[in-house]
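Asker: Provided below are the primary sequence and the corresponding predicted coordinates.
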Amino acid sequence: MNGETYDIYYDEEGDFLEVSFGAPPETEYTEDLDSGIFITKDEKTNEIKSIGILDFGKRKKFLEKFLKDLIFQCL
């Protein structure tokens with residue numbers, strides 16, 4: 001994902017956040033990480049293309065831990 005663009009979409013009424021990375025893939029699949037939290041990956045490269053979070057405002061503690069773990073794994 002280095003150097004790629006990203007888009008952030010937030011639907012306030014639905015409390016849904018989606019972060020997309022780069023161009024959409026030709027074929028993709030989605031995995032549930034937790035209830036209401038999912039990632040979409042490129043079927044050919046297995047690269048993460050988007051992260052979607054339902055009830056975004058209610059998940060602050062989980063997201064803080066998830067992001068800290070993700071950053072730690074990338075170091």
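Answerer: Sure, I can see it.

Asker: Quick check: which ranges of this protein have low pLDDT?
Answerer: Counting by pLDDT under 70, the chain has low-confidence residues at 1-4, 70-75.

Asker: What segments of it are strands?
Answerer: In the chain, strands defined by DSSP state E lie at 6-11, 16-21, 28-34, 37-42, 48-54, listed in chain order.

Asker: looking at the ones you listed, which is buried most?
Answerer: strand 48-54 (a mean of 19; mean count of other C-beta atoms under 10 Å). Just so you know, the C-beta spots here come from the backbone N, C-alpha and C atoms, and that holds for glycine as well.

Asker: Isn't residue 42 up against residue 49?
Answerer: Yes. Contact criterion C-beta atoms under 8 Å: residue 42 and residue 49 qualify, at 5.5 Å.

Asker: tell me, what's touching those two both at once?
Answerer: Here residue 42 and residue 49 have 25, 28 as joint contacts, going by C-beta atoms under 8 Å, 6 or more residues apart in numbering.

Asker: can you pull the contacts of residue 33?
Answerer: By C-beta under 8 Å, 6+ apart, the contact list for residue 33 reads 39, 66.

Asker: Kindly provide the distance from residue 17 to residue 38.
Answerer: Look at residue 17 and residue 38: by C-beta to C-beta, to the nearest Å, they are 12 Å apart.

Asker: Apologies, that question was intended for residue 52.
Answerer: Noted for residue 52: a distance of 5 Å to residue 38, by C-beta to C-beta.
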